[in-house]
Structures are given as C-alpha cells and as structure tokens.
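I'll drop the sequence and a predicted model, then ask my questions.
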Amino acid sequence: MKKWNVATVRAAKGVEKLGCCTAYDACFARLADEAGVPIILVGDSMGMSALGYATTLPVNLSDTLAAVGAVARATKDAMVVGDMPFGSYQCGDDAAVANAVAVIKAGADAVKLEGGVSVCGLIRRLTTAGIPVLAHVGMTPQCVNSYGGFKRQGKTREAAEQVLADAQAVEAAGAFAVTLECIPAELAAQITAALRIVTIGIGAGPVCDAQWLVMHDLLGLNEQVPSFVRQYAHLAETVRGAFAAYVNEVKTGAFPL
Ligand code: KIV
C-alpha cells in the first residue's frame, strides 16, 4: 500500500473517491489504517465523541497533541491530519503557526482549520512554512455560538455565494483540500466542479471528491447520529452486551474458571 500524502490526495481528484474518517486513539487508527482509510482526521469532534463535551469548543491543544501522537504511531499508510482546536489559531498568526508546528511535531502530516476568506493569510503562512493545510468551510462547528446551534449553511443565494467564495479563497491561499460541511448538495457539487483541489464532504451530498464520517457515527458507537450518517456497524450494542456478559459471569462465577 502507498502512504497517502498531499500529492496522492491531489491526484485522486476525478480519479478515485476517498472514504475518510476520524480517529482519536491508536487502537481505532490502526484498524482504520489497516482497512485502507486514506485520510484519518484527528478531529476536534473528539470533544463530543470521546471527551463528553456538548460542543468542540472545550478541546485544548494538549488534547489534540496527545491524540495526534497516538494516531500517528498506529498509522502506516493513511495521511494523518491534525485538527486545530478552537483558540489555537484565533490567537494571532504567530501563535497559530507555533501551534500548527506543534501538531506536525506530534506526528500529523497536515493540519485542518476552519474558516474561509478570514483565514487565508494564515493558510498562506502555514503552507509557505511547509505545513499542508486542509481547509473547512460551510458549517464550521467552532462557530456554533455565532450560528445559535449546529445549523446547515449556504441555504440562501447570498450565503451560497459566500461559501463558494470561501472555498475558492482557501484554494488560492494554498490549501490542498477543503472540507464542505452541512451545505446543500447542489452547492457542494458546484464547488467541487469549480475547484482543482479535493473537496471532502460531510452532510454535503454525494458529488464531493471525498467524504468524512466521524468514526463513532460510522461504527455505531454514537447511537444518536445526524440524518446524513450511514452506520456501518452497531458497536454500541455489541460493546454494551460484552460488558454486561462479563459483569454477569463474574457475578455467577462462570469467569474466571
Ligand atoms: O472534527 C471533525 O471531526 C471534523 C469533521 C466533521 C470534518 O471537522
């Protein structure tokens, strides 16, 4: 198997659709890597899926660095992308570059950050410094308080034009790929056709070059999932059953023998 990188991801556009997902620890990252997932995102969705928060906002850089290290150590072929948590790049570009450097030193091959036109200066600085950037436009969960909830974006003509402008701006600034989150499928298709870089959709319809799913949604570890998710396993049920069987067997003396 080849090691996925910026060049192979770029080359996949129009050739091969990529099913990508998140992981936050070595165990699941190894399994995703062995299964052929091309890009593993150490997403700040870790805050909601693994750390028990209601939003991604409380995730700290130290959480991300620990998780990126674990995922990178367990991964051979996948490209590992470290998500810059809230506060780690809204703090001035010098501090943001230092924080992105820390994510790369922890083991990531690239960083992801949310925003369009407003973060293009930072994307230019990072790419010039040799740090590949995966951008993220549309519904950007770190803006949950500005939206008043996790709300679909790009629904009016003006809003759709803004998302398109954001996507074109991050491409021009040097991003090697862009996440399109929770926007209408027709808008995602229009952006995918307009850009030379790979679009990775989540809740953005089938026409994107690639897709993300949050690992806990994909595996059925999260039992409440957004309507666009497809669950490829129902692990919550399996895991709960295994724990209950263990507790019961210890209680009854069936284990250990
Ligand atoms: O944090 C995350 O998991 C993400 C994906 C939803 C793209 O940003």
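Arrived safely, thanks for sending.

for the ligand, see how far away residue 14 is.
According to Cβ to the nearest ligand atom, to the nearest Å, residue 14 stands 21 Å off from the ligand. The way it works is simple: take the backbone N, C-alpha and C, and place the C-beta from them, glycine included.

residue contacts, that residue?
Shown in contact with residue 14 (Cβ atoms under 8 Å, 6 or more residues apart in numbering): residue 209.

dig out what the residue in the stretch 151-257 of the chain that the ligand sits nearest to forms beta bridges with.
Residue nearest to the ligand within the stretch 151-257 of the chain (Cβ to the nearest ligand atom): residue 212, separated by 4.3 Å. Beta-bridge partners of residue 212, counted by DSSP bridges, are residue 20.

give me the number of residues near it?
The tally of other residues near residue 212 (other Cβ atoms under 10 Å) stands at 26.

ok, and the closest non-adjacent residue to residue 190?
Among residues not flanking residue 190 along the chain, residue 164 sits closest, at 6.7 Å (Cβ to Cβ, 6 or more residues apart in numbering).

and the pLDDT for residue 223?
pLDDT, residue 223: 88.

from residue 242, how far out is it?
16 Å (Cβ to Cβ, to the nearest Å).

can you check residue 2 too?
For residue 2 relative to residue 242 (Cβ to Cβ), the value is 35 Å.

are we agreed that residue 54 is in a helix?
No - applying DSSP: H, G, I helix; E, B strand; the rest coil, one finds residue 54 to be coil, outside a helix.

does it really touch residue 48, like I thought?
Yes - with contacts counted by Cβ atoms under 8 Å, residue 54 reaches residue 48, the gap being 7.1 Å.
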